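Q: model this:
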Amino acid sequence: MEFIQFLDKMEKQIIRLVEEAGYSTEENSSLCLLSKDYVGFMNKKQKKIIICTKNAKEKEGYRFLIKRNNEVFERTSIHIKKAVRHEAVHVAQECNQGKLLETNKVLSINNSKLNALKGSIKISGEKEKEKEIQAYILEDNPKLVLKELEKYCL
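A: Next up is the predicted model:
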C-alpha cells in the first residue's frame with residue numbers, strides 16, 4: 001500500500017496495533033470518491049480503516065516521490081499520518097464498546113478542524129459528534145493514540 005511510504009515509525013506501530021485489534025487497512029476505496037476532502041474512513045461493520053492516499057496527494061499537489069524532505073511530500077505525509085491516527089482513535093473507541101475513551105486530555109477542538117468535523121458528522125451522523133471531536137483532538141498526539149489502542153484493544 002502506497003500510504004505506508006508516508007508514515008513514520010509511530011504511525012506504522014499504530015497500524016500494527018490496529019491490525020492486532022482485528023481491523024484491516026485498505027487504500028483508495030470507493031468511499032474516497034465521496035469527496036476529495038476525505039483522507040480516511042473507518043468501516044465498523046467490515047472492521048477496516050481506509051486511507052485515501054490519492055485525495056491527500058491531490059490536496060497537496062503531490063506528483064512524484066522525489067525527496068523525503070520535499071515540502072509537498074511532508075504536507076502530504078502530515079495529512080496521511082493524521083488520518084491514520086484519527087481512524088485508529090475510532091478503532092480504540094470501538095474496542096471500548098463504542099464509547100468515548102477515558103483520557104486525561106481535555107476535549108477542546110482547534111478551530112482549524114471545525115470544517116473537517118462538520119464533514120465527518122455529515123457521514124457519521126450527529127450522534128457520533130463527540131467521538132469525532134475526540135478523534136480530531138487525539139490525532140495530533142500519536143503517543144496517546146498508541147497508549148489508547150494498547151489500553152482498550154489489546
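
Q: please name every helix or strand in contact with the lowest-mean-pLDDT helix or strand in the chain.
A: Ranked by mean pLDDT, DSSP states H and E, the weakest helix or strand in the chain is helix 114-124, scoring a mean of 74. Packing contacts for helix 114-124, counted by 3 or more Cβ pairs under 8 Å, 6 or more residues apart in numbering; DSSP states H and E, involve helix 129-138. Placement of C-beta: from N, CA and C, glycine included.

Q: mind listing residues that contact the helix or strand just after the helix it packs on?
A: Where DSSP states H and E defines the elements, the next helix or strand beyond helix 129-138 is helix 142-153. Here helix 142-153 makes contact (Cβ atoms under 8 Å, 6 or more residues apart in numbering) with 10-11, 13-14, 17-18, 20-21, 81, 85, 88-89, 91-93, 95-96, 101, 103, 105, 138-139.

Q: what does the least confident helix or strand of the chain contact?
A: 34, 35, 37, 38, 41, 109, 128, 129, 131, 132, 133, 136.

Q: please pick the buried ones from these.
A: For the contacts of helix 114-124, a neighbour count by 16 or more other Cβ atoms under 10 Å gives the buried set as 38, 41, 128, 131, 132, 133, 136.

Q: so what's the third one up against?
A: It refers to residue 128. Taking Cβ under 8 Å, 6+ apart as the test, what residue 128 contacts is residue 121.

Q: likewise for the last one?
A: Contact criterion Cβ under 8 Å, 6+ apart gives 86, 109, 110, 113, 116, 117, 120 as the residues in contact with residue 136.

Q: since that was my last question, I'll sign off now.
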